[in-house]
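One predicted model, sequence on top.
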Amino acid sequence: MKKLTLVLLASSAFAAEDSLKINEPVDHDLTAGSSPRYEIRLNADDYVAGSIEQHGKVDMAVLLPDGSLLRRFPGGPNDEKRMFGFIAETAGTYRLELTTTADQPAWYRIRLNEMLSLNERLRPTPEHYASHRIAALTKQIASGNIGTEAFWKEIAATGTPLVEPVENDPKHQLVTFLWRAVTETRNVLVVGSFQLGGSSPPDYAMHRLANTDVWYLTVRLPAGARFSYALSPNDPLRVEGPDAELQRQASRQADPLNQHRWSCRPGASKYACLSMVELPGAVPQPWIVKNPAIPAGHVEKQKIKSELLKNEHGLSVYTPPGYKAGGDPYALLVLFDEAISGSEHVIVSKCHNFGRLWLNGAGFWY
C-alpha cells in the first residue's frame with residue numbers, strides 16, 4: 001500500500017494545517033463560504049477511500065487535475081459518519097473540497113483509510129484455506145511437470161466445485177471454485193449467495209496457480225450447505241458506481257464446469273443462469289421436485305414503465321389452475337423479485353388455500 005499525504009490548501013478563513021496522512025484524522029470547523037481543500041497526487045486508476053464525520057451539513061467534492069468535478073459526496077442534514085471512495089481517471093493532482101450550505105457553522109473530521117494502485121486492487125487477498133487437491137497440483141508444478149491436462153480431465157469428470165473435508169472439523173467443508181483460462185485472464189471473481197455482509201470483491205477473487213491456466217479459490221463453508229454462485233472473469237473488483245456493476249453483469253456467468261444450473265430456463269445462455277451447489281449432508285428438498293400429478297398454473301409476462309426512472313421492469317403474474325378473473329377473490333398473495341442476472345422470477349401470484357405454488361417449474365408448499 002502506498003503512503004498518502006494530503007496537503008490542506010487553506011482559504012482566507014483557515015490557518016495552515018499539518019499534512020493529512022493515512023489513518024490520521026483531521027478536525028475542522030466549517031462556515032458557509034469557506035472551502036478548505038486537500039491536495040493529493042495520484043496515478044491513473046489509483047483508488048482512494050476514507051470517511052467524513054460531520055456535525056452539521058458537510059459536502060465534499062473531488063476535483064480532477066484540470067479543476068473539473070470527478071465525484072460529489074453530499075452530506076445529509078443530520079449528524080452522521082459516511083464513507084467515500086473514488087478512482088483517479090488520469091495521473092495528476094486531485095483536490096478534495098469541503099463546503100457547507102447550512103446557515104449554522106458545521107464541524108467535520110476527515111480520515112483517509114487507504115490508497116491502492118490498480119495492481120494492488122486486482123491482487124487477490126491472501127489464502128486462508130488450503131485445498132488438498134490444489135496443494136498436490138502445486139507440488140506437481142513445482143517439480144517441473146507443468147502440464148495441467150490430466151488435472152482438467154479429472155475435473156471434467158467430477159465437476160466443480162471441489163469439495164473436501166476440513167481436518168478435525170466435521171461441521172465444515174472446504175469448497176474450491178475453479179476457472180480454466182482460455183483467453184487473457186487478469187482475475188476471476190466468485191459471486192455467491194454464501195458471501196458474508198461487509199466483505200468486498202477482492203475477498204472472493206481467485207488465485208492463479210503459478211504460470212498455468214488454473215485459477216482457484218478455496219473457502220470454508222458449513223457442511224450440508226446449499227447455495228448458488230456465478231463467476232466473473234476480468235471483474236472490475238470494486239463495489240462503488242453503476243459502471244462497476246454494469247461491467248460485472250457483462251462478465252458474470254454460470255460456472256462452465258458445473259452442470260447444475262439454477263434460476264434459468266432450459267437452453268438459456270450461461271449469462272442468464274447461476275450455478276447450484278448442494279454439499280454432502282444437505283437437507284433433502286423433495287417439495288422442489290416437479291410433480292406431474294399436480295396441475296401447473298399459468299404465467300403471464302408484462303412490463304411496468306417508470307416515468308420517474310425512465311425505464312421498464314419485467315412483471316410476471318402467476319395464476320393457479322382454474323383461475324377465473326371474474327371468480328371469487330383468492331386468500332393469498334405472494335410477492336417475489338423479478339429478473340435477477342437475466343433469470344426470471346415470478347413476483348405476483350394468486351393461489352388457492354392450502355395449494356401448491358409453481359415457480360419456474362419448482363413446487364413450494366405454503
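Now that the structure is in, tell me what you want to look at.

Can you name the residues that contact the residue lying closest to Leu237 once chain neighbours are set aside?
Sequence neighbours aside, Pro201 is the residue nearest to Leu237 in space, at 4.7 Å (criterion: Cβ to Cβ, 6 or more residues apart in numbering). Where C-beta positions appear, they are placed from N, C-alpha and C, glycine not excepted. The neighbours of Pro201, taking Cβ atoms under 8 Å, 6 or more residues apart in numbering as the test, are Leu189, Asp235, Pro236, Leu237, Arg238, Val239.

Next, work out how far apart the second one and Ala244 are.
Distance of Asp235 to Ala244, given as Cβ to Cβ, to the nearest Å: 9 Å.

When these two are compared, which one has more neighbours?
Neighbour count, other Cβ atoms under 10 Å: between Asp235 and Ala244, Asp235 has more, with 25 against 16.

That one touches Thr185, doesn't it?
No: look at Asp235 against Thr185 with Cβ atoms under 8 Å: they stay out of range, at 10.5 Å.

Quickly list what's touching both of those two.
Between them, Asp235 and Thr185 share no contacting residue, judged by Cβ under 8 Å, 6+ apart.

Now name the helix or strand holding Gly281.
Using DSSP states H and E, Gly281 maps to neither a helix nor a strand.

hmm, back to that, quick one, phi psi at the residue nearest to Leu237?
Note on Pro201: backbone dihedrals following degrees, to the nearest 10 are phi -50, psi -40.

Quick check: it vs Tyr47, distance?
Applying Cβ to Cβ, the value for Pro201 to Tyr47 is 12 Å.

how about low-confidence regions in this protein?
Residues of the chain meeting the criterion pLDDT under 70: 1-20, 124-125, 198, 239-242, 338-366.

which residues of it fall in helices?
Shown for the chain, the helices assigned by DSSP state H span residues 118-122, 132-142, 149-158, 242-251.

export those helices to CSV and tack on distance to Val58?
Shown next, in CSV, are the helices of the chain (distance: least, Cβ to Cβ, whole Å):
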stretch, distance to Val58
helix 118-122, 28
helix 132-142, 48
helix 149-158, 53
helix 242-251, 25
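
re the thing from before, of the contacts of Pro201, which belong to strands?
Counted as lying in strands by DSSP state E, out of the contacts of Pro201, are Leu189.

What subset of the contacts of Pro201 is buried?
Among the contacts of Pro201, those buried by neighbour count (16 or more other Cβ atoms under 10 Å) are Leu189, Asp235, Pro236, Leu237, Arg238.

Reformat the residues you listed as JSON lines; add distance to Met83.
Below are the buried ones among the contacts of Pro201 laid out as JSON lines (distance: Cβ to Cβ, whole Å):
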{"residue": "Leu189", "distance to Met83": "21"}
{"residue": "Asp235", "distance to Met83": "21"}
{"residue": "Pro236", "distance to Met83": "18"}
{"residue": "Leu237", "distance to Met83": "17"}
{"residue": "Arg238", "distance to Met83": "13"}
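
Mind giving me the packing neighbours of the longest strand seen in the chain?
Ranked by residue count under DSSP E, the longest strand found in the chain is strand 106-116. Here strand 106-116 touches strand 20-21, strand 26-30, strand 47-55, strand 92-99, going by 3 or more Cβ pairs under 8 Å, 6 or more residues apart in numbering; DSSP states H and E.

May I see the buried residues of the second one?
Within strand 26-30, the residues scored as buried using 16+ other Cβ under 10 Å are Val26, His28, Leu30.

hang on, the earlier thing: a markdown table for the helices and strands packed on strand 106-116, including distance to Pro105?
Converted to a markdown table, those look like this (distance: least, Cβ to Cβ, whole Å):
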| stretch | distance to Pro105 |
| --- | --- |
| strand 20-21 | 21 |
| strand 26-30 | 6 |
| strand 47-55 | 9 |
| strand 92-99 | 12 |
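
quick one: which of those is nearest Leu162?
Closest approach to Leu162 among those (Cβ to Cβ): strand 47-55, 32.2 Å.

what angle separates that closest one from strand 106-116?
On the basis of axes from the mean of the first three to the mean of the last three Cα atoms, to 10 degrees, strand 47-55 is oriented at 160 degrees to strand 106-116.

Mind exporting the C-alpha coordinates of strand 47-55 to PDB?
The C-alpha trace of strand 47-55 is given here as PDB (Å, rounded to 0.1, in the frame of the first residue of the first chain):
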ATOM      1  CA  TYR A  47      -8.200   4.000  -5.600                       C
ATOM      2  CA  VAL A  48      -8.700   6.300  -2.500                       C
ATOM      3  CA  ALA A  49     -11.100   5.600   0.400                       C
ATOM      4  CA  GLY A  50     -11.900   7.400   3.500                       C
ATOM      5  CA  SER A  51     -14.600   8.700   5.800                       C
ATOM      6  CA  ILE A  52     -16.200  12.000   6.900                       C
ATOM      7  CA  GLU A  53     -17.800  12.500  10.300                       C
ATOM      8  CA  GLN A  54     -20.000  15.600  10.400                       C
ATOM      9  CA  HIS A  55     -21.900  17.700  12.900                       C
END
